[in-house]
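Trainee: build me a model:
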Amino acid sequence: MKLFVKSLIIGFASIMPGISGSVIAISFGVYEKVLNIIKNRSYISNIKYLFILILGITLGIFLTANIIFSLLKYKIILYYLLLGYLIYQIPLFYKKIYKVNYLIIILSLLVTHLFSLISSIRLEMVVLKKDIVYILGGFFFSIGKIFPGVSSTFFLMILGIYDSIIKIFVNPIVLIKEISIYKNFLLGLIVGFTVSIAIFKKISSYDINILYNIILGVLLETIFCMFPGFKLEMKYIIGLILMILFYFLLKLKDIKK
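Mentor: Alright, predicted model coming up:
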């Protein structure tokens with residue numbers, strides 16, 4: 001049940017603008033588990049785990065797509081809650097690193113910051129054909145699902161197809177009606193996942209500590225990127241209070257253990 005709830009939240013984060021679902025997966029301990037499954041190719045022995053995970057993420061995406069516009073009214077509060085959880089996770093994840101490489105941490109932090117800057121800029125891809133745009137969208141969307149800290153949704157926004165992809169989850173029939181368009185997105189997804197997983201397996205087989213240093217840098221920058229600022233408005237005050245309460249509830253849980 002816990003895994004399913006975590007999967008729902010990851011699915012929610014995967015489709016929310018500006019949030020990286022992989023970072024949330026890291027904070028839940030799901031990312032490392034899946035990475036080990038891929039690295040050891042232990043798919044069969046973990047079939048139940050993967051099934052629940054995929055089901056939860058898929059359901060989370062569909063549910064979020066249908067209520068995303070109404071939820072955006074509470075985006076500030078949601079961001080604060082996620083911040084509380086990420087801040088709580090930083091020292092726990094730091095303990096996993098047996099050798100801290102500050103250069104790698106700083107570089108991954110800077111790269112993540114660069115992605116966040118790009119995501120705030122909407123580019124009109126008028127020079128590209130629609131087919132190529134959707135292939136690129138699928139390719140970069142899959143990269144965002146594999147590599148932590150990269151928000152998949154910002155790639156779709158840059159290419160100008162975010163609304164079009166969201167439409168699939170709100171009304172799946174659209175996928176059948178406009179299959180000639182979306183087949184290019186699916187092609188990009190397949191190629192992107194294949195390339196990303198191959199690169200990730202190479203990195204993890206070389207030195208898992210390097211990967212942990214990269215992820216730590218990404219987590220640190222994600223906290224700064226996700227921070228919505230503060231104003232003397234009710235939604236900011238409520239968000240901040242809930243973040244602090246959530247953080248101390250998590251710490252209290254550790255003390256009781």
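
Trainee: ok, Trp221 - how many residues close by?
Mentor: Careful, residue 221 is Glu; it's not Trp. 23 (other CB atoms under 10 Å). For glycine as for every other residue, the C-beta is placed from the backbone atoms N, C-alpha and C.

Trainee: name the element it belongs to?
Mentor: helix 208-226 (DSSP states H and E).

Trainee: who touches the closest residue to Leu216 other than its chain neighbours in this structure?
Mentor: Distance criterion CB to CB, 6 or more residues apart in numbering; nearest residue to Leu216, sequence neighbours excluded, is Ile105 at 5.6 Å. Listed by CB atoms under 8 Å, 6 or more residues apart in numbering, the contact set of Ile105 reads Asn213, Ile214, Leu216, Gly217, Leu220.

Trainee: measure Ile105 to Leu211 for me?
Mentor: To Leu211, Ile105 is 12 Å away according to CB to CB, to the nearest Å.

Trainee: now swap in Glu221 and tell me
Mentor: On the measure of CB to CB, Glu221 and Leu211 end up 16 Å apart.

Trainee: again, but for Gly21
Mentor: 18 Å.

Trainee: those two: which is more packed in?
Mentor: Using other CB under 10 Å as the criterion, Gly21 and Leu211 rank with Gly21 on top: 27 against 19.

Trainee: what about the residue nearest to that one when sequence neighbours are not counted, how many neighbours?
Mentor: The shortest distance from Gly21 to any non-neighbouring residue, by CB to CB, 6+ apart, is to Ser14 (3.3 Å). Ser14 is flanked by 24 other residues according to other CB under 10 Å.

Trainee: correct me, but Ser14 touches Gly60?
Mentor: Yes. In this structure Ser14 lies within contact range of Gly60 using CB atoms under 8 Å: 7.3 Å.

Trainee: what are the neighbouring residues in contact with the residue most central in space within the chain?
Mentor: The residue lying closest to the centre of the chain (CA atoms, centre = their mean) is Gly21, at 1.8 Å. Neighbouring residues of Gly21 by CB under 8 Å, 6+ apart: Ile10, Gly11, Ala13, Ser14, Ile15, Ile57, Gly144, Lys145, Ser152.

Trainee: kindly report the same for Phe141.
Mentor: Ser152, Phe155, Leu156, Ile165, Phe185, Gly188, Leu189, Gly192.

Trainee: counting only helices, which of the residues you listed make the cut?
Mentor: Among those, the residues falling in helices (DSSP state H) are Ser152, Phe155, Leu156, Ile165, Phe185, Gly188, Leu189, Gly192.

Trainee: need those residues in CSV with pLDDT, distance to Asn46 and neighbour count, can you?
Mentor: Below are those laid out as CSV (pLDDT from 0 to 100; distance: CB to CB, whole Å; neighbours: other CB atoms under 10 Å):
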residue, pLDDT, distance to Asn46, neighbour count
Ser152, 70, 24, 25
Phe155, 66, 29, 23
Leu156, 74, 30, 26
Ile165, 78, 29, 20
Phe185, 85, 28, 23
Gly188, 86, 27, 21
Leu189, 85, 22, 18
Gly192, 84, 23, 23
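
Trainee: adding distance to Phe28, write those out as a markdown table.
Mentor: Shown next, in a markdown table, are those (distance: CB to CB, whole Å):
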| residue | distance to Phe28 |
| --- | --- |
| Ser152 | 17 |
| Phe155 | 23 |
| Leu156 | 24 |
| Ile165 | 24 |
| Phe185 | 27 |
| Gly188 | 27 |
| Leu189 | 23 |
| Gly192 | 23 |
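
Trainee: and the furthest pair within those?
Mentor: Within the ones in helices among the contacts of Phe141, two members stand farthest from each other by CB to CB: Ile165 and Gly192, at 13.9 Å.

Trainee: pLDDT (mean, whole number) over the helix or strand harbouring Leu55?
Mentor: Using DSSP H and E, Leu55 falls within helix 47-71. On average, the pLDDT along helix 47-71 is 76.
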